[in-house]
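**Student:** generate coordinates for the sequence data below:
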Amino acid sequence: MRDLKSPKAGKIRGNKRNKPKKQPRDWKGLFRKALRVTVCLVTLALGMGGGGLLVKVTLDSNLFRIDTVQIEGPQRVSKDELLALADIGLGTSIFDLDLDMVGRKIEENPWVLTADVQRIFPRAVMVKVTEREPRALINLDYLYYVDDHGDIFKVLEKNDSLDYPVITGISRAFLLEHPDKTQSRLAGVARFIDRLSDRREFTLEDVSEVHIGESEGIILYTASGGVPIRMGDDGFEDKLNRLERIYGELKPRLPVLRYIDLQVMDRVIVKLEAAVARG
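**Tutor:** Residues are numbered from 1 along each chain as shown. This is a model prediction of the structure:
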C-alpha cells in the first residue's frame, strides 16, 4: 500500500474537471414555445366553450321539440287513454323525455303488459304496446281476468267479456296466504287452456269451468250439462287424445252423464246418472 505520508509518494493530482462555460439562454426560443402552448390552450378552451354553446343552442332550439306521439299495438285500450297516461307534452324537448318513466305510466293500465318508448328524431316519439291476453276468469269475491302467464291482472267491469272459462278452487284467503303456490297453479291452468285452444273435437268452447283441487288435480266442467271431467295432475296431452276419440259420441249424451274419468291409463271411464243406470 502506498504510504500517503511519505515524501516519496509525490503530489496527488487533483480529481476536478474543467467546468464548461455557461451558454446563454435562448429567450426567443422559450418565448416561441410558451406562445405556442398558450395559443393551443386558448384555442382548445374556445373550442370547448363554443361546442358547449352550440350544443346548448341546438337543444334549446325548436328543431327537437316533440310534435308527434305515435302509438302501436293496442287493441283493447284506446290510443287516447294511452296518450293520457303517457302525459307527453307537445313542444317538450325530445331530450328531456324520461323514456322509462313514460313506459311505467302507460303500464299502469291493467291491459298493458309492456310499453316500449323510443325517440324518433328529430321531433317524434314512438310507443309500442304489448297487451295482456286473458285466458280465464277467477272468482275472488269479484271476477278477475287471468292472463296467458297465469297472472291475475284486472277486475271485470260492466262491458268486459265473460266468454272465458271460470277457474275455481282458489279462494282470496288462499291467494293471500300462498301467493307463489297460487301463481304456479294458475300458470299451469293457463298452459292447459292453451292446449284446449289447439283442439278440434274437444275445444275451449266445450269447457265452462276449470276446478283446481288440492288432491284431485284439474277437473273440467262441460259447457253443456256441467259434467265433470277428471283430468288429474299430469299427462294431459294423452288424456285429451283419449277423450277426443270418443267425445263425438259422448256429447249428445252429456245430460245423462254423472262424470267422465280420464285418470286410469289408456281408459275413459264414463259414469251415468243413477236414474239412467237403473233404467
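**Student:** domain ranges for this protein?
**Tutor:** Using automatic domain parsing, the domains assigned to the chain come out as 63-131, 134-278.
**Student:** can you tell me which of those is nearest to residue 33?
**Tutor:** With Cβ to Cβ, the closest approach to residue 33 among the domains of the chain belongs to domain 63-131: 42.5 Å. (C-beta placed from N, C-alpha, C; glycine too.)
**Student:** show the end-to-end separation of that closest one, please.
**Tutor:** Chord length of domain 63-131, first to last residue, is 33 Å (Cα to Cα, to the nearest Å).
**Student:** now it: how far from the chain's centre is it?
**Tutor:** 16 Å (Cα atoms, centre = their mean, to the nearest Å).
**Student:** could you identify the helix or strand that succeeds the least confident helix or strand in the chain by mean pLDDT?
**Tutor:** Using mean pLDDT, DSSP states H and E, helix 27-60 stands out as the lowest-scoring helix or strand of the chain, at a mean of 58. Reading on from helix 27-60 to the C-terminus, the next helix or strand found by DSSP states H and E is strand 68-72.
**Student:** elements contacting that next one?
**Tutor:** Counting contacts by 3 or more Cβ pairs under 8 Å, 6 or more residues apart in numbering; DSSP states H and E, strand 68-72 packs against helix 79-86, strand 124-131.
**Student:** switch the cut-off to 10 Å
**Tutor:** Strand 68-72 makes packing contacts with helix 79-86, strand 112-120, strand 124-131 when contacts are defined by 3 or more Cβ pairs under 10 Å, 6 or more residues apart in numbering; DSSP states H and E.
**Student:** could you check the angle strand 112-120 makes with that strand?
**Tutor:** Computed by axes from the mean of the first three to the mean of the last three Cα atoms, to 10 degrees, the angle separating strand 68-72 from strand 112-120 equals 140 degrees.
**Student:** list the buried residues of stretch 178-194.
**Tutor:** When burial is assessed from 16 or more other Cβ atoms under 10 Å, stretch 178-194 yields the following buried residues: 182, 185, 186, 187, 188, 189, 190, 192, 193.
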